[in-house]
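Q: What follows is a protein structure lacking sequence information:
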């Protein structure tokens, strides 16, 4: 299920990049994020590659998955690819481009849940949550930097 979200925010691209790149801060403000464990990828040849294990909760259901996250501060992009968990695949990319006095934030996600029975219910709910998550990052920027 491929989804694409974008919005303008009145904050500088570098500031927005830094909020999204600060993976360990997600449990504080990202909806349904219960925990985040971040560690370097020892096999990475690039400097800014990490493994991030995110634990999500939806009502009584808790599920964790790990992504390999590549941070590129020069290009202001953040790419993630799930390496375990309930997904057959999950690929996402954040990008932050100057737009007027702020930033055009773009988030693209493509995923499929492995279990077809769970996928029928969970995929639409997970996709719907992405807009809420995008809003949470914009709200966090407003909280940190004013609006």
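A: All right, it came through fine. Just so you know, these numbers come straight off a predicted model, no measurement behind them.
Q: Roughly how far does the residue lying closest to residue 29 once chain neighbours are set aside sit from residue 124?
A: Nearest residue to residue 29, sequence neighbours excluded (C-beta to C-beta, 6 or more residues apart in numbering): residue 140, at 4.9 Å. Using the backbone N, CA and C atoms, a C-beta is placed for each residue, glycine as well. In this structure, residue 140 and residue 124 are separated by 26 Å, where distance is defined by C-beta to C-beta, to the nearest Å.
Q: quick one: which of these two has more around it?
A: Neighbours of residue 140 and residue 124, each counted by other C-beta atoms under 10 Å, are more numerous for residue 140; the result is 20 against 11.
Q: Let me know the helix or strand that that one is in.
A: Residue 140 is part of helix 116-145 when elements are defined by DSSP states H and E.
Q: cool, residue 39 as well?
A: Secondary structure assigned from DSSP H and E places residue 39 in strand 33-40.
Q: Which strands or helices does that strand pack on?
A: Helices and strands touching strand 33-40, by 3 or more C-beta pairs under 8 Å, 6 or more residues apart in numbering; DSSP states H and E, are helix 26-29, strand 49-58.
Q: Show the average pLDDT along the first one.
A: For helix 26-29, the mean pLDDT works out to 97.
Q: Which positions in that helix come out as buried?
A: Of the residues in helix 26-29, those buried under the neighbour-count criterion (16 or more other C-beta atoms under 10 Å) are residue 26.
Q: Good, we can wrap up now.
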